[in-house]
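1. sequence-free structure coming up:
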């Protein structure tokens, strides 16, 4: 196949995958919250520092082939020193073989000339580690965005749920007052009034629980974004009451799984670890190679016969070779361990692919189930509202029992909250599918 056709086929595959992936229009304030999270989230800052340190380690690995220059100096006072006595012109003369004040100062230079690829392998290993750190950072950043989105839409869901609960409290409170009037007129029982008052208290307690969950979601957003008062004005618009949700298309696992696997961050990280494990094998193979280096020094020292106290210039230059002969099977065992680690990394890629396929299959099942139940609840909400209107009309006319009234009120509450819940779950399903595809919010 020609390269042009390959490119076109790839673009078409990506296009189909994006068409299948549910489109979610993010509110501007949510995008702002995600930007704040990327700026303020402590773990991201920690990983940024680790990434910078890893990039420095690449430069450190390269320095193995660069020269090392050092100044060396030493002084020692020695007594006694070896000497020789012999007569000169009838007098004894003493000739020192070593100075009392030993001085040595020089500048030394050492550099590896050739190490049979050990430095290149070390640089490659450091670069692979940086790639893993970079991929981990991208994965954390992606997950952070989806955590912010889930918390944001959770706030919207809870705000609308509280709105529904307020409606329940308002309706139940009005019925308490109406039943109170009927009790005074002798058309109702004290039991009916008390039962409806209990109904109000239950609804209030449910609202308190929803408010508690809302505060928890806001606290999570504050932690993730670093904003004490995150913007939430548009959060509830995704769950407008009375608006039917748009259908969500299921993902074609058999036809487009490879495209999903290509973009999935977890699989990319596992593949990077395979590459790093391959480099580890190369590093271990190069560890037993010889190295050739240059060393030299230039400076001043004393101790030269016949005038041992006089400082004289001196210079040393040479080439040294280090060739390992026997290391107690160390390199062989290191290679075996590196090969096993490579095999484990390859199995980790297979596992990541299997988990992705399973996750998408489970998401398809959840989406299918949630959409079906949501469609049923749309009808149930309409029916429950009509039933409540009839019940309220019968209550005003005094031809309904308290049990029938509570049943009608409960039907509306459960239908509204159920619809909101499935809308929220369906939205989370879409977000999770986007995350698995590797998309960043």
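-> Now that the structure is in, tell me what you want to look at. Bear in mind the structure is a predicted one, so any value in this text is a computation, not a measurement.
2. give me phi/psi at the most far-flung residue of the chain relative to its centre?
-> The C-alpha centroid of the chain is most remote from residue 90, which lies 92.0 Å away (CA atoms, centre = their mean). Residue 90 adopts backbone torsions of phi 80, psi 0, taken as degrees, to the nearest 10.
3. ditto for residue 320
-> Dihedral angles (degrees, to the nearest 10) for residue 320: phi -120, psi 150.
4. spatially nearest residue to it (excluding sequence neighbours)?
-> residue 293 (5.3 Å; CB to CB, 6 or more residues apart in numbering). Backbone N, C-alpha and C define where each C-beta goes, glycine included.
5. surely the one you found forms part of a strand?
-> Yes: when DSSP: H, G, I helix; E, B strand; the rest coil is applied, residue 293 is found to be in a strand.
6. and the gap between it and residue 119?
-> Distance, residue 293 to residue 119, by CB to CB, to the nearest Å: 12 Å.
7. look at the two and report which has more neighbours.
-> Under the criterion of other CB atoms under 10 Å, the comparison of residue 293 against residue 119 puts residue 119 first, with 19 against 16.
8. that one and residue 65 touch, don't they?
-> Yes: using CB atoms under 8 Å, residue 119 is in contact with residue 65, at 5.0 Å.
9. check contacts around residue 171.
-> 388, 392, 409 (CB atoms under 8 Å, 6 or more residues apart in numbering).
10. reformat those residues as JSON lines; add pLDDT, secondary structure and distance to residue 36.
-> Converted to JSON lines, these look like this (pLDDT from 0 to 100; DSSP: H, G, I helix; E, B strand; the rest coil; distance: CB to CB, whole Å):
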{"residue": "388", "pLDDT": "78", "secondary structure": "helix", "distance to residue 36": "43"}
{"residue": "392", "pLDDT": "78", "secondary structure": "helix", "distance to residue 36": "46"}
{"residue": "409", "pLDDT": "72", "secondary structure": "helix", "distance to residue 36": "42"}
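11. highest neighbour count among the residues you listed?
-> Most crowded among the contacts of residue 171, counting by other CB under 10 Å, is residue 409 at 23 neighbours.
12. just the contacts of residue 171 now: which is nearest residue 161?
-> residue 409 (16.1 Å; CB to CB).
13. check contacts around that closest one.
-> So residue 409 contacts 168, 171, 172, 175, 199, 388, 391 (CB under 8 Å, 6+ apart).
14. direction included, what does the longest strand seen in the chain pair up with?
-> Longest strand in the chain by number of residues (criterion: DSSP state E): strand 101-114. Strand pairing for strand 101-114, using DSSP bridges, gives strand 68-77 (antiparallel), strand 291-301 (antiparallel).
15. hmm, residue 190 is touching residue 183, no?
-> Yes: contact criterion CB under 8 Å: residue 190 and residue 183 qualify, at 6.4 Å.
16. what about those two, which has more around it?
-> Neighbour count, other CB under 10 Å: between residue 190 and residue 183, residue 183 has more, with 15 against 10.
17. can you give me the distance of that one to residue 253?
-> In terms of CB to CB, residue 183 sits 62 Å off from residue 253.
18. what about the strands in the protein?
-> 68-77, 83-88, 91-96, 101-114, 291-301, 312-322.
19. from the middle of its chain, how far away would the longest one be?
-> Centroid separation for strand 101-114 versus its chain: 49 Å, with CA atoms, centre = their mean, to the nearest Å.
20. in that strand, what's buried?
-> 102, 103, 104, 106, 112 (16 or more other CB atoms under 10 Å).
21. now the fourth one: closest residue in space that isn't a chain neighbour?
-> Setting aside the residues directly before and after it, residue 106 is nearest to residue 299 in space (CB to CB, 6+ apart), at 2.6 Å.
22. and residue 249, backbone torsions?
-> When quoted as degrees, to the nearest 10, the phi and psi of residue 249 stand at phi -80, psi 140.
23. for residue 430, see how far away it is.
-> As judged by CB to CB, residue 249 and residue 430 stand 10 Å apart.
24. so what's in contact with residue 119 and residue 65 at the same time?
-> Common neighbours of residue 119 and residue 65, counting by CB under 8 Å, 6+ apart, are residue 112.
25. cheers, nothing more for now.
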